[in-house]
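Trainee: Below are the sequence and a predicted model; questions follow.
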Amino acid sequence: DAGITQSPRHKVTETGTPVTLRCHQTENHRYMYWYRQDPGHGLRLIHYSYGVKDTDKGEVSDGYSVSRSKTEDFLLTLESATSSQTSVYFCAISAQGGHSNQPQHFGDGTRLSIL
Amino acid sequence: EDQVTQSPEALRLQEGESSSLNCSYTVSGLRGLFWYRQDPGKGPEFLFTLYSAGEEKEKERLKATLTKKESFLHITAPKPEDSATYLCAAQIRGSQGNLIFGKGTKLSVKP
């Protein structure tokens, strides 16, 4: 299994509070991704990173920010959580992004509930 | 708009009853078509990548095929342990590896 650890695995918080999710990898992969998964939707890309301090927006980036200060860690922050951000969040890693046949490998997710 | 559609949404099979899952895609330029398996409470697990029309990949009871408009995941003589949600995703040419996912097919195999 790819060495991907997401923390916390479960979190319940209140509307308006800041929340930070962490993705830690031990594979030294360059590319890291954050997705959310909701009933009735496929996995949707929030933000991704193609190197330390290099990030870009995905399909559903509003209300989220990210940071990557080390190769192994990619943080997803909800500055002021809203109920619409209740979801399961997945981190994925890839060795070479879209420039090779390397697939993305996923962590086991963080289930976030915002009351 | 780039789009990936999977059908059926759910499929119930008896053990040993072979069938196929469909993934149709409309994208600006396909770099690769990926199949994943997802068990409840887990992240997607990589199964196959297909790159060109006519390509086929096999793994145990699963075989994935690709045409210019769709991909099929054929399941031969399934077992209960094949029960899971199967996801397909398109990687767009020129992107940073970003994947566009379908909503998945939930497969249940009864003994």
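Mentor: Everything's here; your move. Numbering: from 1, shown residues only, chains lettered A, B, ... in the order given.

Trainee: Poorly predicted segments of chain B, please.
Mentor: Across chain B, nothing is flagged by pLDDT under 70.

Trainee: now with 80?
Mentor: Filtered on pLDDT under 80, chain B yields the residue ranges B:94-97.

Trainee: Write out the residues of it neighbouring chain A.
Mentor: Taking Cβ under 8 Å from any Cβ of the partner chain as the contact definition, chain B meets chain A at B:4, B:31-32, B:34, B:36, B:41-46, B:49, B:51, B:87, B:89, B:91-104. Every residue, glycine included, has its C-beta placed from N, CA and C.

Trainee: which of these are buried?
Mentor: B:4, B:31-32, B:34, B:36, B:43-44, B:46, B:49, B:87, B:89, B:91-92, B:95-104 (16 or more other Cβ atoms under 10 Å in any protein chain shown).

Trainee: Look up the residues forming beta bridges with the residue sitting nearest the centre point of chain A.
Mentor: In chain A, the residue lying closest to the centroid (Cα atoms, centre = their mean) is residue A:34, at 2.6 Å. Per DSSP bridges, the residues bridged to residue A:34 are residue A:47, residue A:91.

Trainee: In this model residue A:23 seems to touch it, though I could be wrong.
Mentor: Yes. Counting by Cβ atoms under 8 Å, residue A:34 touches residue A:23, with 7.2 Å between them.

Trainee: Now do the shared contacts for the two.
Mentor: Residues touching both residue A:34 and residue A:23 (Cβ atoms under 8 Å, 6 or more residues apart in numbering or on different chains): A:74, A:76, A:91.

Trainee: State the number of residues packed around the closest residue to the first one other than its chain neighbours.
Mentor: Read it as residue A:74. Among residues not flanking residue A:74 along the chain, residue A:32 sits closest, at 4.1 Å (Cβ to Cβ, 6 or more residues apart in numbering or on different chains). Residue A:32: 27 surrounding residues under other Cβ atoms under 10 Å in any protein chain shown.
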